[in-house]
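K.L.:
Below are the sequence and a predicted model for it; my questions follow.
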2 protein chains.
Amino acid sequence: MAKIEDVARHAGVAPSTVSYVLSGKRSITERTRQRVLRSIEVLGYQPHAGARALASNRSNVVALVVPLRTGIHVPVIMQFATSVVIAAREHDHDVLLLTQNEGVGGLRRVAGTSLVDAIIVMDVELRDERVSVLRDLRLPSVLIGFPADADGLTCIDLDFTAAGAACVDHLAELGHQRVALIGSPPEVYARGTGFATRTTAGFTDAAARHGIAASVHPCEATSAAAHRVVAELLREHPDLTGVVVHNEPLIGPVLAAFREAGRSVPDDLSVVAICPDELAEHAMPALTSVSIPAEEVGRQAVGLLMAKLAGTPVPDATLLDARLTARDSTRSR
Amino acid sequence: MAKIEDVARHAGVAPSTVSYVLSGKRSITERTRQRVLRSIEVLGYQPHAGARALASNRSNVVALVVPLRTGIHVPVIMQFATSVVIAAREHDHDVLLLTQNEGVGGLRRVAGTSLVDAIIVMDVELRDERVSVLRDLRLPSVLIGFPADADGLTCIDLDFTAAGAACVDHLAELGHQRVALIGSPPEVYARGTGFATRTTAGFTDAAARHGIAASVHPCEATSAAAHRVVAELLREHPDLTGVVVHNEPLIGPVLAAFREAGRSVPDDLSVVAICPDELAEHAMPALTSVSIPAEEVGRQAVGLLMAKLAGTPVPDATLLDARLTARDSTRSR
DNA sequence: GCGCATCGTCGAAGCGATTCGACGTTCGAC
DNA sequence: GTCGAACGTCGAATCGCTTCGACGATGCGC
């Protein structure tokens, strides 16, 4: 493996010059710059990551903590993780994967050993022990989701409150008088996961504002549970005409259950989903939805992190717009 | 941040002694060992990853290349990735996440900069350009899946041939005379992804061996496509009584389609799935299935990698047993 | 009681980059 | 024509750890 010294010798310059060519931190004559680049190419030189990290005090690696809990939709996580990796690469960084189960210790470890320069944490809960650790670590970090006490932390997420409200606004505009929200599994609410409770709040408040009846139904992510909830809804609220589903794996089963119960979407019932766009587009019928912009969140999270690494100040909270796209599952009455 | 020298001073020993306490590469008197450990704890010492990597020529990081293509079931990937991370941590390694889209360049980069010690590649295709690169890199690697030319490489996967066969064996034993396989989307076959073609082969061969009629149906992972395939099956093969589904997202929709077509599972039709156990258990009815042991594959892949890193010889190919679990979706005729 | 392994520890030499101060040139301003 | 600033390059120090050879002390066999 060629080292910087080899490159320097080959190009007839000092090692430091090679370093400056690579980093651009000092000006270099175009002529020697080209010569050095040529040598790098000829020798196939690739700087040693460890040496670089040691000397520069930067590893160019960011940690990504992904959840592995129940009740959260895996494809969304994956989409998000992927976009983080891609965005990080665009900023010349790599991504170290950490799982929830290493917990706080994992954060301390990767920070303490200088393995990573910064941390992204997904699926933050209202009361999250990692939050205080992150605050103590002197590494930049970005949280996906909002803890109860977000002071001094950088957080980003879809504006779920607005998302819940947007669904109701849409249904109210179409003239619906009673709506229901089929939400995340009970354990998710119990954990105090921000996105679930915020959606409910937005949903409930908007319904009140419009003066229409509303109810909230947490639901396990199984086909059986979906059928149960649907049966219950139809039984207890015969006047129900608008349904919001905020639980990705349930979308198919809920639609199927309505169909099997003899209710047609959108003729008898209007359905709005909060889910990634592809999911809404591929459903039958295509669903009116508020999209969960996982990719956008990932990209922006990395952007915030890089800004912090560069010392640029960033906003504490970033809420992404809730955009509702009308498709074929809602209709006015 | 405390360094090894601080620990050494605090414990009254040489830095090298601290290092040996940590690595165990030379014997140390229990008394000084304890003293050093104490100092480490008191000072909260954590070795600098970069310095360690530079000096030892080992980063203690393995790269994991995950696919981000269409037609592969995301939760399975995630399960697998998670188990890799956990297993790696048990061997004191971390995991660097790479995405397919960085391609061969990504492999060259992380290897060339000594960022990682070893590589795990998921979703290997029959003709995969990464394969030759991996062979050239002098880093240990493990492939999940089998390329056409696996010479000199370490591969591991579920024995999909056996899985396809096991499904047919089970149905044949129950007396079924015509079976169909609903498989991955066409593009997956087109790419030459090993697991899809191997399942089909096992399925077809077993059917021939049992002398029963069989057909194979690639299918997009959408509810609409599922309905289409089911309709086609019922129309073209009225004598069909056994169905194998090897396409996770389709399981729900296929069951729903049969139900809507007035066919009961398992009374009219027996269904066997090839999918993770939880999925089979949560379906309605619970599905007889050959499980995809993602976690097991992940753990073993890491095990193989660690063995290679330690210089222990490992088998070129590891095929995990296809275990069929009978549940409520199959019945004899 | 002597010589020889073995054991436990030390010191110093790397590992391969970055970075800072220094130093000779060049160029524009006066 | 001189002076100073800006520019381009170099050399050396440094980052924090591992590892190898050396060396005194200890234990064993004879």
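P.N.:
Perfect, thanks for sending it.
K.L.:
Measure how buried the residue of the stretch 51-200 of chain A at minimum distance from DNA strand C is and give me the count.
P.N.:
Nearest residue of the stretch 51-200 of chain A to DNA strand C (Cβ to the nearest atom of the strand) works out as residue A:55 at 3.0 Å. C-beta here means a position set from N, CA and C on the backbone, and glycine is covered the same way. Neighbour count of residue A:55, defined by other Cβ atoms under 10 Å in any protein chain shown: 14.
K.L.:
looking at this, it is in a helix?
P.N.:
Yes: under DSSP: H, G, I helix; E, B strand; the rest coil, residue A:55 falls within a helix.
K.L.:
What ranges does the stretch 101-250 of chain A have for its helices?
P.N.:
Per DSSP state H, counting those that start in this stretch, the stretch 101-250 of chain A carries helices over the ranges A:103-112, A:129-136, A:160-173, A:186-190, A:194-210, A:223-236.
K.L.:
check contacts around residue A:287.
P.N.:
A:251, A:271-273, A:275, A:279-281, A:327-329 (Cβ atoms under 8 Å, 6 or more residues apart in numbering or on different chains).
K.L.:
top of these by neighbour count?
P.N.:
Neighbour counts for the contacts of residue A:287 peak at residue A:272, which has 30 neighbours (criterion: other Cβ under 10 Å).
K.L.:
So which elements touch the strand or helix carrying that residue?
P.N.:
Per DSSP states H and E: residue A:272 is located in strand A:270-275. Helices and strands touching strand A:270-275, as assessed by 3 or more Cβ pairs under 8 Å, 6 or more residues apart in numbering or on different chains; DSSP states H and E, comprise helix A:160-173, strand A:242-245, helix A:251-260, strand A:288-291.
K.L.:
Worst mean pLDDT among the ones you listed?
P.N.:
Per-segment mean pLDDT for the helices and strands packed on strand A:270-275 reaches its minimum on helix A:251-260, at a mean of 92.
K.L.:
Could you pull out the buried residues of that one?
P.N.:
By neighbour count on 16 or more other Cβ atoms under 10 Å in any protein chain shown, the buried set for helix A:251-260 is A:251-258.
K.L.:
Can you check what angle separates it from helix B:251-260?
P.N.:
10 degrees (axes from the mean of the first three to the mean of the last three Cα atoms, to 10 degrees).
K.L.:
tell me which parts of the stretch 151-300 of chain A are close to chain B?
P.N.:
A:222-224, A:227, A:252-253, A:256, A:259-260, A:282-284 (Cβ under 8 Å from any Cβ of the partner chain).
K.L.:
can you redo the residues you listed as a markdown table with distance to residue B:198?
P.N.:
Formatted as a markdown table, those follow (distance: Cβ to Cβ, whole Å):
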| residue | distance to residue B:198 |
| --- | --- |
| A:222 | 30 |
| A:223 | 29 |
| A:224 | 33 |
| A:227 | 36 |
| A:252 | 28 |
| A:253 | 31 |
| A:256 | 32 |
| A:259 | 36 |
| A:260 | 36 |
| A:282 | 28 |
| A:283 | 32 |
| A:284 | 32 |
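K.L.:
for the contacts of residue A:287, which one is nearest residue A:173?
P.N.:
residue A:272 (11.6 Å; Cβ to Cβ).
K.L.:
show me what contacts residue A:35?
P.N.:
Residues near residue A:35 by Cβ under 8 Å, 6+ apart: A:11-13.
K.L.:
Likewise for residue A:243?
P.N.:
With Cβ under 8 Å, 6+ apart, residue A:243 has these contacts: A:179-182, A:233, A:254, A:269-272.
K.L.:
Now do the closest residue to residue A:272 other than its chain neighbours against residue B:291, distance only.
P.N.:
Spatial nearest neighbour of residue A:272, chain neighbours left out: residue A:167 (4.4 Å); criterion: Cβ to Cβ, 6 or more residues apart in numbering or on different chains. Taking Cβ to Cβ, to the nearest Å as the measure, residue A:167 falls 38 Å from residue B:291.
K.L.:
Could you do residue A:188 as well?
P.N.:
Relative to residue B:291, residue A:188 is positioned 26 Å away (Cβ to Cβ).
K.L.:
Number of residues surrounding the closest residue in space to residue A:184 that isn't next to it in sequence?
P.N.:
Residue nearest to residue A:184 in three dimensions, not counting chain neighbours: residue A:196, with 4.4 Å by Cβ to Cβ, 6+ apart. Neighbours of residue A:196 under the rule other Cβ under 10 Å: 25.
K.L.:
who are the neighbours in contact with residue A:196?
P.N.:
A:160, A:183-184, A:188-189, A:246.
K.L.:
follow-up on the earlier one: export the helices and strands packed on strand A:270-275 to JSON lines and tack on distance to residue B:106?
P.N.:
Formatted as JSON lines, these follow (distance: least, Cβ to Cβ, whole Å):
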{"stretch": "helix A:160-173", "distance to residue B:106": "34"}
{"stretch": "strand A:242-245", "distance to residue B:106": "38"}
{"stretch": "helix A:251-260", "distance to residue B:106": "34"}
{"stretch": "strand A:288-291", "distance to residue B:106": "29"}
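K.L.:
would you list those in CSV and tack on distance to DNA strand C?
P.N.:
Output for the helices and strands packed on strand A:270-275, formatted as CSV (distance: least, Cβ to the nearest atom of the strand, whole Å):
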stretch, distance to DNA strand C
helix A:160-173, 41
strand A:242-245, 51
helix A:251-260, 49
strand A:288-291, 41
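K.L.:
Spell out which parts of chain A neighbour DNA strand C.
P.N.:
Within chain A, the residues that sit near DNA strand C (Cβ under 7 Å from any atom of the strand) are A:1, A:3-5, A:15-16, A:18-20, A:22-23, A:25, A:45-48, A:51-52, A:54-57.
K.L.:
Filter those down to the buried ones and hand me the ChimeraX line.
P.N.:
To isolate in ChimeraX the members of the residues of chain A next to DNA strand C that are buried, counting by 16+ other Cβ under 10 Å, one can use:
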select /A:3,4,18,19,20,22,45,46,47,48,51,52,54
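K.L.:
so which of the residues of chain A next to DNA strand C also contact DNA strand D?
P.N.:
Checking the residues of chain A next to DNA strand C against DNA strand D (Cβ under 7 Å from any atom of the strand), the matches are A:15-16, A:20, A:51, A:54-55.
K.L.:
Turn the residues you listed into TSV, columns for pLDDT and distance to residue B:238.
P.N.:
TSV is the format used below for these (pLDDT from 0 to 100; distance: Cβ to Cβ, whole Å):
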residue	pLDDT	distance to residue B:238
A:15	96	78
A:16	96	80
A:20	96	77
A:51	98	70
A:54	98	72
A:55	97	74
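K.L.:
Tell me which two of those residues sit farthest apart.
P.N.:
Between any two of these (Cβ to Cβ), the greatest distance is 18.2 Å, for A:20 and A:54.
K.L.:
re earlier: what subset of the contacts of residue A:196 is buried?
P.N.:
A:160, A:183-184, A:188-189, A:246.
K.L.:
Can you add distance to residue A:118 and give the residues you listed back as JSON lines?
P.N.:
Shown next, in JSON lines, are the buried ones among the contacts of residue A:196 (distance: Cβ to Cβ, whole Å):
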{"residue": "A:160", "distance to residue A:118": "25"}
{"residue": "A:183", "distance to residue A:118": "33"}
{"residue": "A:184", "distance to residue A:118": "29"}
{"residue": "A:188", "distance to residue A:118": "28"}
{"residue": "A:189", "distance to residue A:118": "31"}
{"residue": "A:246", "distance to residue A:118": "31"}
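K.L.:
which one of those sits closest to residue A:72?
P.N.:
Nearest to residue A:72 among those, with distances taken as Cβ to Cβ, is residue A:188, at 7.2 Å.
K.L.:
pretty sure that closest one is touching residue A:72, no?
P.N.:
Yes: between residue A:188 and residue A:72 there is a contact under Cβ atoms under 8 Å: 7.2 Å.
K.L.:
and the gap between residue A:26 and residue A:17?
P.N.:
For residue A:26 relative to residue A:17 (Cβ to Cβ), the value is 9 Å.
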